[in-house]
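Asks: The amino acid sequence is not available; the structure is as follows:
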C-alpha cells in the first residue's frame, strides 16, 4: 500500500475516455452528465479502487478507510464504528497572505467547524498558480474532505473544482464557474445601507469616493450607491463617483478636490479612504458630522476608532461569510446537493460620531 | 483497527506508575530522567504499540505507518519506499484570533515548510484553555508530527509540551518552561536600534511613550531604550517613560503632555502610538523631523505610510520568527536534540520621513 501510487481522477478519465472535469462531476454528483457516461465513469472508478459516494464525494485509496474513516458530521465524536476523537479534515486555500480579509473568514469557518469536530489545513498560494496546484495536491494527499477557496478581494477567480474530486466552496472571491458554490459579502446592500443612513440624517448631496475602479468591490459599491442616491431623488455631489486608491492619502486628496463644492455627505468605499476624508475636512475647518456626514466600509476599528471623529462604517460581515462557507461545505461533504451560484451574506452598519 | 482506541501517554504512565510528563520526556528525549525509568517507560510504550523514536518522536498506532509514513525531511517528495507527494503534517495552535501578529508568523512558517512539503493544521483557541485542550487532542488525532504554539503577545504562556508526545516550538509567546524551545522577536535590540537611530541624527533629549506597562513587550522595549539613552549620556525627556494604551489616542494624549517641555526625539513602542504623536506635533506646529524625530515599532505600513510625515519604525521581523520556529520544529521532528530556552530573531529599522 505504501508504494502504490494513488488512483487519480486522471486515471479514471484515461480509462473511460472522458475529461478529468467530467470524472469530477460524476464523482461529486455535479453538473449535467449523460446517464450512460455517468455509469461508465462510476464503473471505472470503482474498478480502480475509487469508492463513489453518490452524490457527495470520493474516498481515494482503500487505506483511507483505515486511516481516517468517513463518518456522519452530526454524530462526529464517538460515532459507532469509528475511533474516538477522529476529525474531519478540510483544506483552506487562500491567495491572500493571511491578510486582513482572510482572517475573519477563517474565524467564521472555525465557528462552524467547531473545536475538535473538523480540522483546517491551511495553505496560502500568494497568487501563484503553480504554488496553488502544489497545495491542492498536498490537500488531496492529506485526504481532505473538502476545500474552502478564499482570496484577497471580491474579484472572481478561476475554478479549481474539477481538479479536486472533493467538494469546494469559494468564499469572498467567487468562482467564475456558475456551477460552483460561492459565498461573498453583500457589497451592494452594504453601499445602499450607507446611503440610506446618510439620507436618514437629512443629507441630500452625497459624494462617492472609491478605490481602484477595476476592483469588483469598487464597482459594486459605487453603482449601488449611485442607484440609492438617484432613487431617493438626492444629488450625487461633483457629478460622478471619484476613483483612486484604497488609501488614506487618496481620501485626503479626493476631499481636497471637493472643498468649495456643494456636499453634505460622503460615502467612502473603505475606512482608510474615509479617514483621509475626515482628516482633510477637519483641517479645512469643516465640522463632521454637523456640516458633513461621512460613512466608510470595513468597520476596521484600528482606523474607525482612531479617526477624529470616529467613523461610521458598513461591516461586510466576513466572519459570517466564513461561517456560511463552512456550513455549505459540510452539507456538500455529507452528500447534500447544493445549488451552484454566488450567494451573499448579510451586512450591517455601525454608527459612530461621523454621522 | 478502526475500533481500537489510540494508545495515549496516559496509558503508558498508568502501566509504569510515572507521570504523563515523564512519559512525554522519555519519548521525546527531553529533560533529566533516571536511566532505569527511561528504560521502563520505553519498554511499556513499545509493549502498548507506541513506537519510540529515540531521541525525537513517537509514532502512535501502527496504522500510521500505512496512513502517512514517516520520512526524511530533506528527501521529502519521492523518497524511496514512500507514496509520492505524501506530506508532513504540523499543527499551529494560536491564542490569537488570527491577528495581526500571528499572520507574519504563519507566513514565515510556510516559507520554511514549503508548498507540498509540510502541511499546517490551524487552530485558534481564543485564549480559552478548554478549547486549547480540545484542539491539541484534535491535532494528536490527526497525527501531527509537531506543533507550533503562537499567541497574541510576547507575554510568556504555560507549557503544553508534556501533553503532546510530539515536539513543540513556542513562537512569539515563549513557554514558561525553560526546557521548552521558544523563539521570540528581539524587543530589546529593537528598542536599542530605535534609540541609536535617534542619537545618530543628533537627538539628545528623548521621550519614551509606551503601551500598557503590564505587557512584556512594553517593559522590554522601555527598559532597553532607557539603558541606551543612559549609555549615550543623553536625557530621558520628562524624567521617565510614559505608559498608557497601545493606541493612537494615547500617543496623541502623551504628546500633548510633552508640549512645552524640552525634547527633540520620541521613541514610541508601537506605530499606532507614534502616529498619535506625529498628529499631535503637527497640529501644535512642531515640525517633524526638523524639530523632533519620531520612531515607532511594528513597521505596520497601514499606519506608518498614512501618517504625515510617514513614520520610521522598527520591524520586529515576525516572519523570521515564524521561519525559525518552523525550522527548529523540523529539526526536532527529525530527531535532533534542540537545547531548550528562549531564542530571539534579528530585527531591523526602516527609516522614513519622521527622522
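Replies: All right, it came through fine. Since we're looking at a predicted model, the values are computed, not measured.

Asks: and the residue in the stretch 251-355 of chain A positioned nearest to chain B, what is it in contact with?
Replies: Nearest residue of the stretch 251-355 of chain A to chain B, counting by CB to the nearest CB: residue A:306, 4.1 Å away. No exception for glycine: its C-beta is placed from N, CA and C like everyone else's. By CB atoms under 8 Å, 6 or more residues apart in numbering or on different chains, the contact set of residue A:306 is A:275, B:247-249, B:272, B:275-276.

Asks: can you redo the residues you listed as a markdown table with secondary structure?
Replies: A markdown table is the format used below for the contacts of residue A:306 (DSSP: H, G, I helix; E, B strand; the rest coil):
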| residue | secondary structure |
| --- | --- |
| A:275 | helix |
| B:247 | coil |
| B:248 | helix |
| B:249 | helix |
| B:272 | helix |
| B:275 | helix |
| B:276 | helix |
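
Asks: Got a ChimeraX select line for the buried ones in these?
Replies: Selection command for ChimeraX covering only the buried members of the contacts of residue A:306, criterion 16 or more other CB atoms under 10 Å in any protein chain shown:
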select /A:275 /B:247,248,272,275,276
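
Asks: how close does residue A:227 sit to chain B?
Replies: Separation of residue A:227 from chain B (CB to the nearest CB, to the nearest Å) stands at 31 Å.

Asks: Setting aside sequence neighbours, what's the nearest residue to that residue?
Replies: residue A:192 (7.5 Å; CB to CB, 6 or more residues apart in numbering or on different chains).

Asks: show me the residues around the one you found that make contact.
Replies: Residue A:192 touches A:224-225, A:227-228, counting by CB under 8 Å, 6+ apart.

Asks: What is the nearest of those to chain B?
Replies: Using CB to the nearest CB, the contacts of residue A:192 come closest to chain B at residue A:225, 23.8 Å.

Asks: what about the closest one, how many neighbours?
Replies: 25 (other CB atoms under 10 Å in any protein chain shown).

Asks: That one should be in a helix, yeah?
Replies: Yes: judged by three-state DSSP, residue A:225 forms part of a helix.

Asks: State the distance from it to residue A:324.
Replies: Relative to residue A:324, residue A:225 is positioned 25 Å away (CB to CB, to the nearest Å).

Asks: repeat for residue A:136
Replies: Separation of residue A:136 from residue A:324 (CB to CB): 22 Å.

Asks: cool, residue A:127 as well?
Replies: 24 Å.

Asks: And the two? Which one has more around it.
Replies: Between residue A:127 and residue A:324, counted using other CB under 10 Å, residue A:324 has the larger neighbour count: 22 against 14.

Asks: Need the nearest residue in space to the more buried one, chain neighbours excluded.
Replies: Ranked by CB to CB, 6+ apart and with sequence neighbours excluded, the top spatial neighbour of residue A:324 is residue A:183, at 5.0 Å.

Asks: Report pLDDT for that neighbour.
Replies: For residue A:183, the model assigns a pLDDT of 97.

Asks: Parallel or antiparallel, list what pairs with the host helix or strand of it.
Replies: Using DSSP states H and E, residue A:183 sits in strand A:181-185. For strand A:181-185, the pairing partners within the sheet under DSSP bridges are strand A:168-171 (parallel), strand A:341-345 (parallel).

Asks: Please work out which of the ones you listed is packed deepest.
Replies: Using mean count of other CB atoms under 10 Å in any protein chain shown, the stretch among the strands paired with strand A:181-185 with the largest mean neighbour count is strand A:168-171, at a mean of 29.

Asks: pLDDT-wise, which helix or strand of chain A ranks last?
Replies: helix A:63-67 (a mean of 28; mean pLDDT, DSSP states H and E).

Asks: Can you name the element that comes right after it?
Replies: Next along from helix A:63-67, by DSSP H and E: strand A:88-94.

Asks: Please point out which parts of the helix or strand following that following strand sit buried.
Replies: Next along the chain after strand A:88-94, taking DSSP H and E as the criterion, comes helix A:102-113. Residues A:102-110, A:112-113 are the ones in helix A:102-113 that count as buried (16+ other CB under 10 Å).

Asks: what's the closest of those residues to residue B:205?
Replies: Minimum distance to residue B:205 across the buried residues of helix A:102-113 is 40.5 Å, recorded for residue A:103 (CB to CB).

Asks: Just to check, the closest one is in contact with residue B:106?
Replies: No: using CB atoms under 8 Å, residue A:103 is not in contact with residue B:106; the gap is 10.4 Å.

Asks: tell me the phi and psi of residue A:349?
Replies: Dihedral pair for residue A:349: phi -110, psi 140, per degrees, to the nearest 10.

Asks: So what's the residue count around it?
Replies: Counted with other CB under 10 Å, residue A:349 comes out at 18.

Asks: Quick check: beta-bridge partners of it?
Replies: Going by DSSP bridges, residue A:349 forms beta bridges with residue A:314.

Asks: so it touches residue A:197, yeah?
Replies: Yes: with contacts defined as CB under 8 Å, residue A:349 counts as touching residue A:197 at a distance of 5.7 Å.

Asks: Mutual contacts of those two, please.
Replies: Residues touching both residue A:349 and residue A:197 (CB under 8 Å, 6+ apart) are A:295, A:312.

Asks: what's in contact with the strand holding residue A:183?
Replies: With contact meaning CB under 8 Å, 6+ apart, strand A:181-185 is reached by A:154, A:167-175, A:316-318, A:321, A:324-325, A:328, A:332, A:338-345, A:347.

Asks: quick revisit: for the residue nearest to residue A:227, report the pLDDT, please.
Replies: 98.

Asks: Could you check the strand or helix carrying residue A:250 against chain B for contacts?
Replies: Counting by DSSP H and E, the element that carries residue A:250 is helix A:248-258. Yes: Helix A:248-258 reaches chain B (CB under 8 Å from any CB of the partner chain) through A:248-249.

Asks: and chain A, what are its domains?
Replies: Segmentation of chain A into domains, based on automatic domain parsing, reads A:9-65+A:88-184+A:321-345, A:187-315.

Asks: Endpoints of the shortest one, how far apart?
Replies: Looking back up the chat, that one is domain A:187-315. End-to-end distance for domain A:187-315, by CA to CA, to the nearest Å: 10 Å.

Asks: so residue A:280 sits in a helix?
Replies: Yes: under three-state DSSP, residue A:280 sits within a helix.

Asks: For it, give me its contacts.
Replies: Contacts of residue A:280 (CB under 8 Å, 6+ apart): A:251-252, A:255-256, A:259.

Asks: Next, give me the two most distant ones among the contacts of residue A:192.
Replies: Largest pairwise distance in the contacts of residue A:192, by CB to CB, is 7.3 Å, between A:225 and A:227.

Asks: in which helix or strand would I find the nearest residue to residue A:125 once chain neighbours are set aside?
Replies: Counting by CB to CB, 6+ apart, residue A:125 lies nearest to residue A:132, which is 3.9 Å off, once chain neighbours are set aside. Per DSSP H and E: residue A:132 is located in helix A:129-141.
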